[in-house]
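Asks: have a look; sequence and predicted model below, questions after that.
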Amino acid sequence: MNILMISDNPVFSLGVRSTIAARFPLAIFFDANSLQQADLIIRQHNFEIMILDAVSTQDSKTVYLIKRIREDFPDLSILVDLGEELLDIHFYIRLGANAFVSSKASAVELQSAVIALASNPQSKYVSSDIEQLLLSQLTSSSETIRLTVKEKLIARLLVSSRSRNEIAQTVGINPNSVSNYKRIIFEKLRVASIPQLKAKMQIDSERV
């Protein structure tokens, strides 16, 4: 099994590699320190799984490169480590990622994600803390329920520091419309800044 790991953090790469190798000793690992480099490597070898360190690989070309990789390699499984930015899951789901873990995920959870993807490239997996976040959002009676599905997605992208063009590409709207959505979201949630929006969403995500 060939696994492509994308991270500019050697500590992250070493930890993930050792955890997976303990369960899959025959796995072959390839490393890329950016999505741009990964886009080149992935065309030179056959990979079953791509593991993305979301914390260290975000830049202005993130949306374009992940969409390109997903379109060119539809059978490739994409596992994203969200770190502590769990709300980013909606961003990566839209880009076609299969599985998600966080910095709090145990070694067993990381191994379970790889097992699931190795057995079926179309498998879906989330670690327990991300699962709880998603369930809380589904059952929340918080103020963010006032937002439409599209507004909720844009709000999550806004607090994730995405650029206007990235948000537009992910949601499928004109870049000029992002400001209008931002104004509507601020009015509905009664906030005046991105930090206030982030705080509001963090509080609401903790409610069940």
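Replies: Alright, I've got the coordinates. In this text, all values refer to a predicted model and were calculated from it rather than measured experimentally.
Asks: how about stretch 93-105: buried residues?
Replies: For stretch 93-105, the neighbour count (16 or more other C-beta atoms under 10 Å) marks Ile93, Arg94, Leu95, Ala97, Asn98, Ala99, Phe100, Val101, Ser102, Ala105 as buried. Placement of C-beta: from N, CA and C, glycine included.
Asks: from these, which two are the most distant?
Replies: Spatially, the most separated pair among the buried residues of stretch 93-105 is Arg94 and Ala105, at 21.5 Å (C-beta to C-beta).
Asks: tell me where the chain has helices.
Replies: According to DSSP state H, the chain carries its helices in the segments 10-23, 35-41, 62-72, 89-94, 107-119, 128-139, 149-159, 164-171, 177-189, 194-205.
Asks: wait, which of those helices is closest to Leu4?
Replies: helix 35-41 (6.1 Å).
Asks: by contact count, what packs against the closest one?
Replies: strand 2-6, strand 28-32, helix 62-72 (3 or more C-beta pairs under 8 Å, 6 or more residues apart in numbering; DSSP states H and E).
Asks: does anything pack onto the last one? Which helices or strands?
Replies: Read it as helix 62-72. Short answer (3+ C-beta pairs under 8 Å, 6+ apart): helix 62-72 packs on helix 35-41, strand 77-81, helix 164-171.
Asks: for the last one, give the mean pLDDT please.
Replies: Helix 164-171 shows a mean pLDDT of 88 in the predicted model.
Asks: what do you get for the second one?
Replies: Strand 77-81 shows a mean pLDDT of 94 in the predicted model.
Asks: and that strand, which strands flank it?
Replies: strand 49-53 (parallel), strand 99-101 (parallel) (DSSP bridges).
Asks: next one: the shortest one to chain centre, how far?
Replies: When you say that, I think you mean strand 99-101. A distance of 8 Å separates the centroid of the chain from that of strand 99-101, by C-alpha atoms, centre = their mean, to the nearest Å.
Asks: circling back to that earlier point, point out the most buried one among the helices and strands packed on helix 62-72.
Replies: strand 77-81 (a mean of 24; mean count of other C-beta atoms under 10 Å).
Asks: give the contact list for the nearest residue to Arg23 once chain neighbours are set aside.
Replies: Closest residue in space to Arg23, ignoring its immediate chain neighbours: Gln111 at 4.4 Å, by C-beta to C-beta, 6 or more residues apart in numbering. If you count contacts by C-beta atoms under 8 Å, 6 or more residues apart in numbering, Gln111 has them with Thr19, Ile20, Ala22, Arg23.
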